[in-house]
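Visitor: Sharing a sequence plus its predicted fold:
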Amino acid sequence: MWHRTLPLALTLPAPRYLVLATIDARFYLPGDPDWLRVGAAAALHLGVGGRSPSNPADPTKSTKIEMSQSKRSKPVTHSIALVPGDGIGVDVIESGVEALKALEAKLGTFGLEFVHYPYSVEHYQQHGCMMPEDGIQKLSQHDAIYFGACGWPSVPDHITLWQLILPIRKQLRQYINLRPVRVLKGSTFPLKCNAQDIDWVFVRENSEGEYSGQGGRTHPGEPFEMGTEVAIFTRPAIQRVMHFAFKTAQSRPKKHLTIVTKSNAQRHGMVLWDEVAMEVAKSYPDVHTDKILVDAMTVAMVNRPQTMDTIVATNLHADILTDLAAALAGSVGIATSANFNPDKSTPGMFEPIHGSAPDIKGQGIANPIGALWAGADMLSHLGEAKASALLMEAIEFCTSNGKVTKDMGGSLSTKEVTEQVVEFIRQS
Ligand SMILES: NC(=O)c1ccc[n+]([C@@H]2O[C@H](COP(=O)([O-])OP(=O)(O)OC[C@H]3O[C@@H](n4cnc5c(N)ncnc54)[C@H](O)[C@@H]3O)[C@@H](O)[C@H]2O)c1
């Protein structure tokens with residue numbers, strides 16, 4: 001069981017990372033400011049690329065202890081599955097790949113191999129499905145998945161989501177969705193507070209809850225037609241996400257976890273959610289916790305952003321709250337989203353949180369920062385901490401100098417922001 005394992009502390013020769021190797025998971029505690037810059041995904045996943053040899057059917061069996069980048073005898077090549085998807089997903093992933101290639105060329109310490117998968121609405125229109133039957137099996141052979149966005153008005157959204165992104169998350173057991181949100185250097189944001197007041201890490205339960213897929217429709221077309229959407233909450237899934245959230249909170253300076261709930265109105269699953277959270281809290285006496293209803297949370301994020309740090313929420317609640325968080329931090333176009341299983345037995349998927357944005361289709365003005373930040377998270381997850389930090393520096397060079405797209409008050413196109421990022425990497 002997750003909470004019964006005893007951590008074995010190792011200090012690696014590269015002194016910046018203290019690695020806690022447990023028999024079921026690895027967590028990396030930050031030792032320098034890079035951690036804050038790159039975000040919690042970096043802090044928690046600075047391991048060497050490739051997947052753990054553990055049995056995917058039993059993640060508790062993983063025994064792999066990660067090696068620091070500096071211990072490698074030769075550069076590793078990471079195999080990346082590219083799924084740009086639809087709309088601006090294509091533009092921002094193109095931007096991300098250019099930046100990743102620039103980092104590979106600049107640093108020369110790792111290789112990247114990209115394999116493109118055309119899983120999208122266009123694929124659906126041609127073949128009747130968003131991806132082929134063996135799509136997930138193909139994706140699972142890579143070290144990571146770099147995802148754009150899926151969905152287009154010509155196909156109902158529940159089809160696109162349930163045939164592509166949700167099966168990937170579920171079947172690859174990516175039960176954590178980590179979404180750090182902060183104000184990037186020099187950028188403008190709508191709240192009247194200090195930029196550093198908005199510095200949050202959302203831990204989203206990514207496997208069940210409101211997106212469990214339980215429910216159905218009966219009596220279609222009848223006046224008495226019925227539809228149900230059943231939210232599922234299980235003790236093991238709540239336990240594992242809570243442990244991860246507490247460990248994330250513990251690794252950050254404030255050591256503060258906010259538990260988002262709706263247990264006043266939803267008196268079964270959400271009450272279980274609260275109870276398990278309180279049970280797990282006993283294992284983390286150094287973490288201060290508070291509990292807040294999701295409706296009150298929206299108000300708190302606006303009125304007292306500095307009182308939050310790490311936040312754990314259900315699949316639906318965190319989905320909504322992180323769009324709000326991104327907008328409060330400057331734009332939905334900047335936010336990143338890392339889907340993974342902490343034991344790394346399956347590849348993680350890294351994506352911007354935004355969708356395919358049909359309203360700005362073909363205009364070349366999509367903000368690539370969310371996808372670039374996701375690229376930095378992916379590098380970090382693969383053990384390329386230096387490359388990850390350099391990419392974040394390049395992003396913040398752009399935000400500090402007004403070299404941004406329209407949604408952030410700038411006038412640059414997606415390609416022009418990308419050129420700035422690539423040039424910064426080359427010159428650094
Ligand atoms: N992970 C995913 O694949 C994902 C996530 C959200 C929405 N979607 C899908 O995307 C489609 C559109 O959804 P939506 O309109 O609700 O959300 P959206 O995120 O695509 O767009 C919301 C608003 O934000 C703007 N925006 C989003 N990203 C931007 C960027 N990078 N730069 C500048 N502006 C940006 C859009 O122009 C739009 O005005 C739907 O089909 C939806 O299902 C997919």
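Guide: Good, I have the coordinates. Numbering: from 1, shown residues only.

Visitor: Please report how far whatever residue of the stretch 201-350 of the chain ends up closest to the ligand lies from Ile365.
Guide: Closest residue of the stretch 201-350 of the chain to the ligand, CB to the nearest ligand atom: Gly333 (3.1 Å). Where you see a C-beta, it was placed from the backbone N, CA and C, and this is true even at glycine. Gly333 sits 10 Å away from Ile365, going by CB to CB, to the nearest Å.

Visitor: pretty sure Val260 is touching Met308, no?
Guide: No. Val260 is beyond contact range of Met308, at 9.9 Å (criterion: CB atoms under 8 Å).

Visitor: the helices in the stretch 1-150 of the chain, which residues?
Guide: Ranges of helices in the stretch 1-150 of the chain, per DSSP state H, counting those that start in this stretch, are 34-38, 40-44, 88-107, 121-127, 135-139.

Visitor: Name the stretch from those where average model confidence is lowest.
Guide: When the helices of the stretch 1-150 of the chain are compared by mean pLDDT, helix 34-38 comes last with a mean of 31.

Visitor: just the helices of the stretch 1-150 of the chain: most buried one?
Guide: helix 40-44 (a mean of 27; mean count of other CB atoms under 10 Å).

Visitor: follow-up on the earlier one: dump the helices of the stretch 1-150 of the chain to TSV, plus distance to the ligand.
Guide: As requested, these are exported to TSV (distance: least, CB to the nearest ligand atom, whole Å):
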stretch	distance to the ligand
helix 34-38	20
helix 40-44	16
helix 88-107	6
helix 121-127	8
helix 135-139	15
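
Visitor: Looking at those, which is nearest to Phe424?
Guide: helix 88-107 (8.9 Å; CB to CB).

Visitor: list the contacts for Ile292?
Guide: Residues in contact with Ile292 (CB atoms under 8 Å, 6 or more residues apart in numbering) are Thr258, Ile259, Val260, Thr261, Ala300.

Visitor: Quick check: chain neighbours aside, which residue is closest to Pro167?
Guide: Ile136 (6.3 Å; CB to CB, 6 or more residues apart in numbering).

Visitor: quick revisit: name the residue in Gly333 and Ile365 with the higher neighbour count.
Guide: Between Gly333 and Ile365, Gly333 has the larger neighbour count (other CB atoms under 10 Å), namely 27 against 20.

Visitor: Glu275 versus the more buried one, what's the distance?
Guide: Separation of Gly333 from Glu275 (CB to CB): 38 Å.

Visitor: same check, this time on Gln214
Guide: According to CB to CB, Gln214 and Glu275 sit 21 Å apart.

Visitor: Quick check: closest non-adjacent residue to Trp200.
Guide: Closest to Trp200 by CB to CB, 6+ apart is Val181, at 5.0 Å.

Visitor: Please, which helix or strand holds that neighbour?
Guide: Using DSSP states H and E, Val181 sits in strand 176-182.

Visitor: so Val404 sits in a strand?
Guide: No. Val404 is assigned coil when assessed by DSSP: H, G, I helix; E, B strand; the rest coil, not a strand.

Visitor: Report the contact partners of it.
Guide: Ser187, Asn367, Ile369, Cys398, Gly410, Leu412, Val417.

Visitor: Was I right to think the third one contacts Val417?
Guide: So the one you mean is Ile369. Yes. The criterion here is CB under 8 Å, and Ile369 meets it with Val417 at 7.4 Å.

Visitor: Compare these two (neighbour count), which wins?
Guide: Ile369 (30 against 26).

Visitor: residues contacting that one?
Guide: By CB under 8 Å, 6+ apart, Ile369 lies in contact with Leu184, Ser331, Gly333, Ile334, Ile395, Cys398, Thr399, Val404, Met408, Val417.

Visitor: What helices and strands are in contact with whichever strand or helix holds the last one?
Guide: Just to be clear, that refers to Val417. Here Val417, judged by DSSP H and E, is contained in helix 414-427. Counting contacts by 3 or more CB pairs under 8 Å, 6 or more residues apart in numbering; DSSP states H and E, helix 414-427 is packed against helix 88-107, helix 385-400.

Visitor: Nearest spatial neighbour of His256, chain-adjacent residues omitted?
Guide: Asp309 (4.2 Å).

Visitor: That neighbour - how many residues pack around it?
Guide: 19.
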